[in-house]
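S.K.: prediction below, plus the sequence it came from.
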Amino acid sequence: MYPNDEKVFQRLNEQIHLELDAWYGYLAMSTWCSKNYFPGFAKWLNSQAQEEYTHAMKLRWFLIDRGKSVILKQIEKPKIEFTTVIDIFEAALDQEKENTRSINSILQFAFEEKAYATSAELQWFITEQVEEERSAQMNLAHIKMVADDPAALLDLDKAFGEREAIFPVPAE
């Protein structure tokens with residue numbers, strides 16, 4: 001074990017918290033969309049929430065498998081009021097960028113500390129975040145394209161609803 005391994009594991013615990021914050025944030029966004037009659041966006045965002053939760057659990061099990069403690073902190077209340085679907089997807093993109101920044105920082109620290117198992121584990125997250133940011137950027141761009149056309153926005157909402165759910169979501 002290297003002298004700063006505990007610092008690496010502390011950073012992983014912080015990332016678990018960030019992933020759970022993102023999970024909670026996506027749940028809030030999904031709820032807003034449900035409340036405002038966008039069931040497709042709500043379903044898509046709920047699936048995103050489940051992905052974030054899965055990411056937290058992946059890190060949790062990595063720590064457990066390494067014999068380390070998982071420190072669960074209180075999750076803050078997420079933003080629950082939005083004005084438009086654009087606001088929702090801007091918040092989603094910001095959330096993904098924050099996750100990317102954090103994971104990149106932890107990976108750099110793990111390399112510096114020669115925490116090679118952690119570095120290997122984080123490679124999956126790096127690849128995942130490239131896809132997540134690209135998806136968030138594309139979704140926001142598409143929503144902005146149709147935001148002023150209610151019929152087109154509803155069509156896009158329907159298309160978002162076709163995403164396969166990670167965990168079954170009750171019908172709206």
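M.R.: Everything's here; your move.

S.K.: which stretches of the protein aren't confidently modelled?
M.R.: 1-4, 164-172 (pLDDT under 70).

S.K.: where do the strands sit along it?
M.R.: Under the criterion DSSP state E, the chain carries no strands.

S.K.: please enumerate the helices of it.
M.R.: 5-35, 39-65, 85-112, 116-146, 150-160 (DSSP state H).

S.K.: what residues are up against the closest residue to Leu27 other than its chain neighbours?
M.R.: Using CB to CB, 6 or more residues apart in numbering and skipping the chain neighbours, the partner closest in space to Leu27 is Ala49 (4.7 Å). In short, each C-beta sits where N, CA and C put it, glycine included. Applying CB atoms under 8 Å, 6 or more residues apart in numbering, we find Ala49 in contact with 22-27, 30.

S.K.: same question for Asp5.
M.R.: Applying CB under 8 Å, 6+ apart, the residues near Asp5 are 113, 115.

S.K.: swap in Asn99?
M.R.: Per CB under 8 Å, 6+ apart, neighbours of Asn99: 18-19, 22, 129, 132.

S.K.: among those, which ones are buried?
M.R.: Buried subset of the contacts of Asn99 (neighbour count, 16 or more other CB atoms under 10 Å): 18-19, 22, 129, 132.
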